[in-house]
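In: with the input below, show me the fold.
(one chain, ligands or ions: 1)
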Amino acid sequence: MYDNLVNLKGNRLIGKNVIVTGSGSRETGYGIGQATAILFASQGAKVLVVDLDKERGERTVNQILNNDGIASFYLADITNSDECKNVIDCAINNYGSLDVLINNVGVRGLGSVVDLDENEYKNILDVNLNSMVSMSRYAIPAMLENGAGSILNMSSFVAMRSGGFGPSIPYALSKAGVIALTQQMCHDHGPDGIRVNCIAPGHVYTSMVEDRVDQKLRDLRRKAAPLQTEGTAWDIAWAALFLSSDEARWVSGVTLPVDAGLLTASPISMLDKLTS
Ligand SMILES: NC(=O)c1ccc[n+]([C@@H]2O[C@H](COP(=O)([O-])OP(=O)(O)OC[C@H]3O[C@@H](n4cnc5c(N)ncnc54)[C@H](O)[C@@H]3O)[C@@H](O)[C@H]2O)c1
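Out: Below is the predicted model of the structure:
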(Lines give C-alpha, C1' and ligand atoms only; values in the text may rest on other atoms or scores of the structure.)
Protein backbone atom coordinates (compact mmCIF):
# COMPACT_ATOMS: atom_id res chain seq x y z
CA MET A 1 0.00 0.00 0.00
CA TYR A 2 2.74 2.48 0.87
CA ASP A 3 4.58 2.32 -2.44
CA ASN A 4 1.71 1.60 -4.78
CA LEU A 5 -1.28 3.82 -5.07
CA VAL A 6 -3.43 1.80 -7.43
CA ASN A 7 -7.01 2.26 -6.23
CA LEU A 8 -5.94 4.08 -3.05
CA LYS A 9 -8.58 6.51 -1.85
CA GLY A 10 -8.85 8.58 1.31
CA ASN A 11 -10.19 11.83 2.69
CA ARG A 12 -7.26 13.37 4.55
CA LEU A 13 -7.15 16.40 2.21
CA ILE A 14 -10.80 16.79 1.31
CA GLY A 15 -11.52 20.48 0.65
CA LYS A 16 -7.85 21.42 0.23
CA ASN A 17 -6.57 23.25 -2.83
CA VAL A 18 -2.93 22.49 -3.41
CA ILE A 19 -0.03 23.64 -5.60
CA VAL A 20 2.90 21.25 -6.14
CA THR A 21 5.86 22.76 -7.99
CA GLY A 22 8.02 20.47 -10.09
CA SER A 23 5.39 17.74 -10.10
CA GLY A 24 5.88 16.67 -13.68
CA SER A 25 6.54 13.04 -14.43
CA ARG A 26 9.33 11.45 -16.43
CA GLU A 27 8.43 8.44 -18.55
CA THR A 28 9.89 6.00 -16.05
CA GLY A 29 9.99 6.00 -12.27
CA TYR A 30 8.44 8.49 -9.91
CA GLY A 31 9.61 11.93 -8.82
CA ILE A 32 8.84 13.31 -5.36
CA GLY A 33 6.61 16.12 -6.64
CA GLN A 34 4.80 13.72 -8.95
CA ALA A 35 4.15 11.16 -6.16
CA THR A 36 3.05 13.96 -3.83
CA ALA A 37 0.59 15.34 -6.38
CA ILE A 38 -0.85 11.86 -7.03
CA LEU A 39 -1.11 10.97 -3.33
CA PHE A 40 -2.68 14.30 -2.39
CA ALA A 41 -5.29 13.98 -5.15
CA SER A 42 -6.08 10.44 -3.97
CA GLN A 43 -6.82 11.99 -0.56
CA GLY A 44 -9.35 14.44 -1.96
CA ALA A 45 -7.20 17.50 -2.75
CA LYS A 46 -7.58 19.54 -5.92
CA VAL A 47 -4.05 19.80 -7.26
CA LEU A 48 -2.38 22.33 -9.54
CA VAL A 49 0.58 20.56 -11.12
CA VAL A 50 3.33 23.09 -11.97
CA ASP A 51 6.33 22.29 -14.15
CA LEU A 52 8.45 23.88 -16.87
CA ASP A 53 8.06 20.76 -18.98
CA LYS A 54 4.58 20.54 -20.55
CA GLU A 55 4.72 16.87 -21.44
CA ARG A 56 5.85 15.91 -17.94
CA GLY A 57 3.22 18.06 -16.25
CA GLU A 58 0.40 16.73 -18.39
CA ARG A 59 1.56 13.18 -17.72
CA THR A 60 1.06 13.66 -13.96
CA VAL A 61 -2.32 15.32 -14.48
CA ASN A 62 -3.45 12.38 -16.61
CA GLN A 63 -2.29 9.93 -13.95
CA ILE A 64 -4.46 11.79 -11.42
CA LEU A 65 -7.48 12.05 -13.71
CA ASN A 66 -7.20 8.33 -14.50
CA ASN A 67 -7.46 7.69 -10.75
CA ASP A 68 -10.66 9.83 -10.57
CA GLY A 69 -8.80 12.72 -8.93
CA ILE A 70 -8.96 16.44 -9.67
CA ALA A 71 -5.94 18.18 -11.17
CA SER A 72 -4.88 20.72 -13.75
CA PHE A 73 -1.55 21.77 -15.20
CA TYR A 74 0.20 25.13 -15.27
CA LEU A 75 3.33 25.57 -17.36
CA ALA A 76 5.81 27.83 -15.57
CA ASP A 77 9.46 28.43 -14.91
CA ILE A 78 9.30 29.38 -11.25
CA THR A 79 12.66 31.14 -11.30
CA ASN A 80 10.64 33.98 -12.82
CA SER A 81 8.83 35.87 -10.06
CA ASP A 82 6.04 37.07 -12.39
CA GLU A 83 5.34 33.47 -13.35
CA CYS A 84 5.09 32.56 -9.66
CA LYS A 85 2.34 35.15 -9.29
CA ASN A 86 0.59 33.69 -12.34
CA VAL A 87 0.75 30.21 -10.76
CA ILE A 88 -1.04 31.46 -7.64
CA ASP A 89 -3.63 33.32 -9.75
CA CYS A 90 -4.23 30.15 -11.74
CA ALA A 91 -4.86 28.10 -8.58
CA ILE A 92 -7.36 30.71 -7.35
CA ASN A 93 -9.08 30.87 -10.75
CA ASN A 94 -9.30 27.08 -11.03
CA TYR A 95 -10.19 26.13 -7.47
CA GLY A 96 -11.34 29.32 -5.70
CA SER A 97 -8.73 29.42 -2.93
CA LEU A 98 -5.31 28.13 -1.88
CA ASP A 99 -4.63 25.99 1.21
CA VAL A 100 -1.33 24.19 0.61
CA LEU A 101 1.87 25.01 -1.28
CA ILE A 102 4.50 22.34 -1.84
CA ASN A 103 7.78 24.03 -2.83
CA ASN A 104 9.29 20.89 -4.34
CA VAL A 105 11.41 22.07 -7.28
CA GLY A 106 15.08 21.31 -6.93
CA VAL A 107 17.92 20.47 -9.27
CA ARG A 108 21.39 19.23 -8.53
CA GLY A 109 24.37 21.58 -8.68
CA LEU A 110 27.94 20.36 -8.57
CA GLY A 111 31.30 21.96 -7.88
CA SER A 112 33.60 22.90 -5.01
CA VAL A 113 34.18 26.52 -4.01
CA VAL A 114 37.31 26.38 -6.18
CA ASP A 115 35.88 25.01 -9.39
CA LEU A 116 32.18 25.85 -9.43
CA ASP A 117 30.81 27.80 -12.37
CA GLU A 118 29.63 31.13 -10.99
CA ASN A 119 26.69 31.50 -13.37
CA GLU A 120 25.52 27.98 -12.69
CA TYR A 121 25.93 28.57 -8.96
CA LYS A 122 23.63 31.60 -9.12
CA ASN A 123 21.18 29.68 -11.26
CA ILE A 124 21.02 26.79 -8.74
CA LEU A 125 20.27 29.22 -5.93
CA ASP A 126 17.54 30.76 -8.09
CA VAL A 127 15.96 27.39 -8.86
CA ASN A 128 16.33 25.70 -5.47
CA LEU A 129 15.91 28.56 -3.02
CA ASN A 130 14.87 31.91 -4.48
CA SER A 131 11.95 30.27 -6.29
CA MET A 132 10.57 29.18 -2.90
CA VAL A 133 10.75 32.78 -1.71
CA SER A 134 8.86 34.00 -4.80
CA MET A 135 6.20 31.28 -4.65
CA SER A 136 5.64 31.93 -0.93
CA ARG A 137 5.54 35.71 -1.43
CA TYR A 138 2.42 35.34 -3.57
CA ALA A 139 0.96 32.25 -1.88
CA ILE A 140 0.75 33.66 1.64
CA PRO A 141 -1.58 36.60 0.84
CA ALA A 142 -3.82 34.17 -1.05
CA MET A 143 -3.85 31.76 1.91
CA LEU A 144 -4.67 34.62 4.28
CA GLU A 145 -7.92 35.12 2.37
CA ASN A 146 -8.83 31.74 3.96
CA GLY A 147 -7.27 32.61 7.32
CA ALA A 148 -4.82 29.69 7.22
CA GLY A 149 -2.41 27.76 5.07
CA SER A 150 0.41 25.26 4.96
CA ILE A 151 3.71 25.53 3.10
CA LEU A 152 6.12 22.63 2.76
CA ASN A 153 9.66 23.19 1.47
CA MET A 154 11.80 20.38 0.07
CA SER A 155 15.37 20.40 1.41
CA SER A 156 17.78 17.45 1.49
CA PHE A 157 20.00 15.57 3.93
CA VAL A 158 22.81 17.23 1.94
CA ALA A 159 21.98 20.43 3.87
CA MET A 160 23.40 18.67 6.94
CA ARG A 161 25.88 16.04 5.60
CA SER A 162 28.02 15.90 2.48
CA GLY A 163 26.33 14.05 -0.37
CA GLY A 164 27.52 11.25 -2.60
CA PHE A 165 27.93 12.78 -6.06
CA GLY A 166 31.16 14.71 -5.46
CA PRO A 167 31.54 18.35 -4.42
CA SER A 168 28.14 20.05 -4.55
CA ILE A 169 28.43 23.46 -2.94
CA PRO A 170 25.53 25.01 -4.93
CA TYR A 171 23.15 22.19 -4.01
CA ALA A 172 24.21 21.97 -0.35
CA LEU A 173 24.01 25.73 0.21
CA SER A 174 20.66 26.06 -1.47
CA LYS A 175 19.22 23.17 0.57
CA ALA A 176 20.63 24.58 3.83
CA GLY A 177 19.00 27.88 2.91
CA VAL A 178 15.67 26.07 2.56
CA ILE A 179 15.86 25.05 6.24
CA ALA A 180 16.60 28.62 7.36
CA LEU A 181 13.82 29.90 5.12
CA THR A 182 11.40 27.43 6.71
CA GLN A 183 12.24 28.48 10.26
CA GLN A 184 12.06 32.18 9.51
CA MET A 185 8.79 31.90 7.59
CA CYS A 186 7.29 29.80 10.40
CA HIS A 187 8.14 32.56 12.84
CA ASP A 188 7.00 35.43 10.62
CA HIS A 189 3.67 34.00 9.47
CA GLY A 190 2.66 31.66 12.31
CA PRO A 191 0.63 34.38 14.05
CA ASP A 192 -1.45 34.64 10.86
CA GLY A 193 -2.22 30.91 10.81
CA ILE A 194 0.36 29.88 8.22
CA ARG A 195 2.31 26.69 9.03
CA VAL A 196 5.68 26.22 7.33
CA ASN A 197 7.57 22.94 7.43
CA CYS A 198 10.38 21.21 5.61
CA ILE A 199 11.35 17.68 4.60
CA ALA A 200 14.96 16.58 4.24
CA PRO A 201 14.89 13.44 2.08
CA GLY A 202 17.73 10.95 2.29
CA HIS A 203 19.02 8.72 -0.50
CA VAL A 204 15.72 8.38 -2.33
CA TYR A 205 15.58 6.41 -5.55
CA THR A 206 13.62 8.74 -7.83
CA SER A 207 13.54 9.46 -11.53
CA MET A 208 15.99 12.34 -10.81
CA VAL A 209 18.76 9.97 -9.72
CA GLU A 210 18.04 6.76 -11.63
CA ASP A 211 20.11 7.77 -14.66
CA ARG A 212 23.26 8.32 -12.57
CA VAL A 213 22.99 5.56 -9.97
CA ASP A 214 24.18 2.12 -11.05
CA GLN A 215 23.26 -1.02 -9.12
CA LYS A 216 26.43 -0.89 -6.99
CA LEU A 217 25.82 2.68 -5.87
CA ARG A 218 22.15 1.92 -5.39
CA ASP A 219 23.07 -0.86 -2.94
CA LEU A 220 25.53 1.38 -1.10
CA ARG A 221 22.94 4.12 -0.73
CA ARG A 222 20.53 1.57 0.75
CA LYS A 223 23.14 0.16 3.13
CA ALA A 224 24.28 3.60 4.34
CA ALA A 225 21.22 4.09 6.59
CA PRO A 226 20.15 2.01 9.60
CA LEU A 227 16.87 0.75 8.12
CA GLN A 228 18.78 -0.88 5.22
CA THR A 229 15.85 -0.40 2.83
CA GLU A 230 15.58 1.77 -0.26
CA GLY A 231 13.41 4.88 -0.12
CA THR A 232 11.12 5.94 -2.93
CA ALA A 233 9.28 9.11 -3.86
CA TRP A 234 6.22 7.66 -2.11
CA ASP A 235 8.03 7.65 1.26
CA ILE A 236 8.50 11.39 0.96
CA ALA A 237 4.95 11.91 -0.29
CA TRP A 238 3.45 10.17 2.78
CA ALA A 239 5.41 12.47 5.10
CA ALA A 240 4.32 15.46 3.02
CA LEU A 241 0.72 14.31 3.36
CA PHE A 242 0.88 14.37 7.17
CA LEU A 243 2.62 17.75 7.32
CA SER A 244 0.15 19.30 4.87
CA SER A 245 -3.01 17.92 6.45
CA ASP A 246 -4.94 19.25 9.44
CA GLU A 247 -3.52 16.30 11.42
CA ALA A 248 -0.38 18.47 11.70
CA ARG A 249 -2.26 21.62 12.75
CA TRP A 250 0.16 22.14 15.67
CA VAL A 251 3.34 21.36 13.73
CA SER A 252 5.30 24.26 12.27
CA GLY A 253 8.96 25.10 11.72
CA VAL A 254 10.20 21.50 11.67
CA THR A 255 12.67 19.94 9.28
CA LEU A 256 11.71 16.29 9.12
CA PRO A 257 14.39 13.91 7.86
CA VAL A 258 12.78 11.14 5.81
CA ASP A 259 15.90 9.09 5.33
CA ALA A 260 15.78 5.61 6.92
CA GLY A 261 17.81 7.04 9.81
CA LEU A 262 20.70 8.20 7.62
CA LEU A 263 21.43 11.31 9.69
CA THR A 264 22.09 9.20 12.81
CA ALA A 265 24.80 7.19 11.05
CA SER A 266 28.49 7.71 10.37
CA PRO A 267 30.72 5.84 7.91
CA ILE A 268 32.31 3.94 10.84
CA SER A 269 28.99 3.00 12.45
CA MET A 270 27.76 1.60 9.12
CA LEU A 271 31.06 0.00 8.08
CA ASP A 272 30.02 -3.64 8.55
CA LYS A 273 26.82 -3.06 6.58
CA LEU A 274 28.56 -1.11 3.81
CA THR A 275 31.20 -3.81 3.33
CA SER A 276 28.95 -6.87 3.64
N1 LIG B 1 15.82 12.23 -5.34
C2 LIG B 1 16.51 12.33 -4.22
O3 LIG B 1 17.27 11.42 -3.81
C4 LIG B 1 16.39 13.59 -3.41
C5 LIG B 1 17.06 13.63 -2.19
C6 LIG B 1 16.97 14.79 -1.43
C7 LIG B 1 16.19 15.85 -1.87
N8 LIG B 1 15.54 15.78 -3.06
C9 LIG B 1 14.76 16.96 -3.48
O10 LIG B 1 13.43 16.58 -3.76
C11 LIG B 1 12.88 17.45 -4.76
C12 LIG B 1 12.30 16.66 -5.90
O13 LIG B 1 13.27 15.80 -6.43
P14 LIG B 1 12.88 14.74 -7.55
O15 LIG B 1 13.87 13.64 -7.42
O16 LIG B 1 11.44 14.40 -7.48
O17 LIG B 1 13.18 15.59 -8.90
P18 LIG B 1 12.66 15.38 -10.41
O19 LIG B 1 13.80 15.80 -11.27
O20 LIG B 1 12.06 14.03 -10.61
O21 LIG B 1 11.48 16.44 -10.55
C22 LIG B 1 11.73 17.81 -10.56
C23 LIG B 1 10.76 18.49 -11.53
O24 LIG B 1 10.95 19.89 -11.42
C25 LIG B 1 10.82 20.47 -12.70
N26 LIG B 1 11.54 21.75 -12.71
C27 LIG B 1 12.88 21.95 -12.67
N28 LIG B 1 13.16 23.26 -12.70
C29 LIG B 1 11.96 23.91 -12.73
C30 LIG B 1 11.60 25.29 -12.77
N31 LIG B 1 12.53 26.27 -12.80
N32 LIG B 1 10.28 25.60 -12.82
C33 LIG B 1 9.34 24.63 -12.81
N34 LIG B 1 9.63 23.31 -12.76
C35 LIG B 1 10.94 22.95 -12.73
C36 LIG B 1 11.43 19.43 -13.65
O37 LIG B 1 10.95 19.60 -14.98
C38 LIG B 1 10.98 18.13 -13.00
O39 LIG B 1 9.78 17.64 -13.56
C40 LIG B 1 14.04 18.38 -5.18
O41 LIG B 1 13.95 19.59 -4.46
C42 LIG B 1 15.27 17.61 -4.76
O43 LIG B 1 16.37 18.44 -4.53
C44 LIG B 1 15.62 14.67 -3.84
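In: from now on I want contacts and neighbour counts done on CA atoms only, so please keep to that.
Out: Noted.
In: pretty sure residue 267 sits in a helix.
Out: No - under DSSP: H, G, I helix; E, B strand; the rest coil, residue 267 falls outside any helix and is assigned coil.
In: the spatially closest residue to it that is not a sequence neighbour: how many residues sit nearby?
Out: Ranked by Cα to Cα, 6 or more residues apart in numbering and with sequence neighbours excluded, the top spatial neighbour of residue 267 is residue 224, at 7.7 Å. For residue 224, the number of neighbouring residues by other Cα atoms under 10 Å comes to 23.
In: so residue 224 makes contact with residue 270?
Out: Yes - the pair residue 224 / residue 270 is scored as a contact, 6.3 Å apart, by Cα atoms under 8 Å.
In: for this structure, give me the ranges with low pLDDT.
Out: 1-7 (pLDDT under 70).
In: for this structure, which residues are neighbours of the ligand?
Out: Counting by Cα under 6 Å from any ligand atom, the residues of the chain lying close to the ligand are 22-25, 31-33, 51-53, 76-79, 104-107, 127, 154-156, 201-209.
In: which ones among the residues you listed are found in strands?
Out: 51, 154, 201, 204-205 (DSSP state E).
In: how about the residues you listed in TSV, adding neighbour count?
Out: Formatted as TSV, these follow (neighbours: other Cα atoms under 10 Å):
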residue	neighbour count
51	24
154	27
201	25
204	24
205	20
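In: what about residue 156, distance to residue 134?
Out: Relative to residue 134, residue 156 is positioned 20 Å away (Cα to Cα, to the nearest Å).
In: circling back to that earlier point, buried subset of the residues of the chain next to the ligand?
Out: Neighbour counting with 16 or more other Cα atoms under 10 Å marks 22-25, 31-33, 51-53, 76-79, 104-106, 127, 154-156, 201-208 as buried within the residues of the chain next to the ligand.
In: on that earlier part again, list the contacts of the residue nearest to residue 267.
Out: 262, 265, 267, 270, 273-274 (Cα atoms under 8 Å, 6 or more residues apart in numbering).
In: drop anything exposed from those.
Out: 262, 273-274.
In: strands - which of those residues land there?
Out: Reading strands off the buried ones among the contacts of residue 224, I find no matches (DSSP E).
In: need the contact list for the residue of the stretch 101-250 of the chain found nearest the ligand.
Out: Taking Cα to the nearest ligand atom, the ligand has its nearest neighbour within the stretch 101-250 of the chain at residue 106, 3.2 Å off. Neighbouring residues of residue 106 by Cα under 8 Å, 6+ apart: 22, 127-128, 154.
In: ok, residue 232 to residue 205 distance?
Out: For residue 232 relative to residue 205 (Cα to Cα), the value is 5 Å.
In: before we move on, what about residue 106?
Out: For residue 106, the distance to residue 205 - Cα to Cα - is 15 Å.
In: picking that back up, which pair of the contacts of residue 106 spans the longest distance?
Out: Greatest spacing in the contacts of residue 106, by Cα to Cα: 127 and 154 (12.1 Å).
In: what is in contact with the two at once?
Out: 105-106.
In: residue ranges for the strands of this protein, please.
Out: With DSSP E as the criterion, the chain has strands at 17-21, 46-51, 70-75, 100-103, 149-154, 194-201, 204-205, 231-232, 255-258.
In: so can I have a markdown table of those strands showing distance to residue 175?
Out: A markdown table is the format used below for the strands of the chain (distance: least, Cα to Cα, whole Å):
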| stretch | distance to residue 175 |
| --- | --- |
| strand 17-21 | 16 |
| strand 46-51 | 20 |
| strand 70-75 | 24 |
| strand 100-103 | 12 |
| strand 149-154 | 8 |
| strand 194-201 | 9 |
| strand 204-205 | 15 |
| strand 231-232 | 19 |
| strand 255-258 | 11 |
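In: now residue 224, what are its backbone angles?
Out: phi -70, psi -20 (degrees, to the nearest 10).
In: one more: residue 209?
Out: phi -100, psi -10.
In: and it, how close does it get to residue 189?
Out: 34 Å.
In: how far off strand 194-201 does the longest helix belonging to the chain point, in degrees?
Out: Counting residues, the longest helix in the chain under DSSP state H turns out to be helix 169-189. Put simply, helix 169-189 runs at 160 degrees to strand 194-201, going by axes from the mean of the first three to the mean of the last three Cα atoms, to 10 degrees.
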